[in-house]
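Asker: I would like the atomic coordinates for the input below:
(one chain, ligands or ions: 1)
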Amino acid sequence: MKSLLFRVDRGTFIHLTSAAEAGSESALDALRELWGYGQADEIRCWLCSTVVGRPIIGLIFPDLDPEILCGVALCGSCAALPNVEKFDRAFEALRASERTLH
Ligand SMILES: [Zn+2]
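Answerer: Below you'll find the model as predicted:
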């Protein structure tokens, strides 16, 4: 089991989202893939490590590079947090995970 985190080019993500909304199956598949729908593993909430259900509740926030967006999965209780707290904690967890990696 693991936390879901993806980084995607902002323009690509916006393009995929609007294409999916317009009914493009391939764009929808690409988005499902980003959000981990194809993974056999259970996905954990980015903030509290609870296993998240389906459909996945996603949080999108900008990386340090404004052209890159980060996407993480949240459980229902974390998704219900006030936006400011949610984004602060998501960003903090991202920095912490990068410190562990490097
Ligand atoms: Zn949570």
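
Asker: residues contacting Ala90?
Answerer: When contacts are counted by C-beta atoms under 8 Å, 6 or more residues apart in numbering, Ala90 touches Trp46, Leu47, Leu59, Phe61, Cys70, Val72. Placement of C-beta: from N, CA and C, glycine included.

Asker: which of those residues are buried? Put it as a PyMOL command.
Answerer: Here is the PyMOL command that picks out the buried ones among the contacts of Ala90, judged by 16 or more other C-beta atoms under 10 Å:
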select buried, resi 46+47+59+70+72
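
Asker: intersect the contacts of Ala90 with the contacts of the ion.
Answerer: Leu47 (C-beta under 5 Å from the ion).

Asker: could you dump the contacts of Ala90 to JSON lines with secondary structure?
Answerer: Formatted as JSON lines, the contacts of Ala90 follow (DSSP: H, G, I helix; E, B strand; the rest coil):
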{"residue": "Trp46", "secondary structure": "coil"}
{"residue": "Leu47", "secondary structure": "coil"}
{"residue": "Leu59", "secondary structure": "strand"}
{"residue": "Phe61", "secondary structure": "strand"}
{"residue": "Cys70", "secondary structure": "strand"}
{"residue": "Val72", "secondary structure": "strand"}
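
Asker: which one of the contacts of Ala90 is nearest the ion?
Answerer: Nearest to the ion, judged by C-beta to the ion, of these is Leu47 at 4.6 Å.
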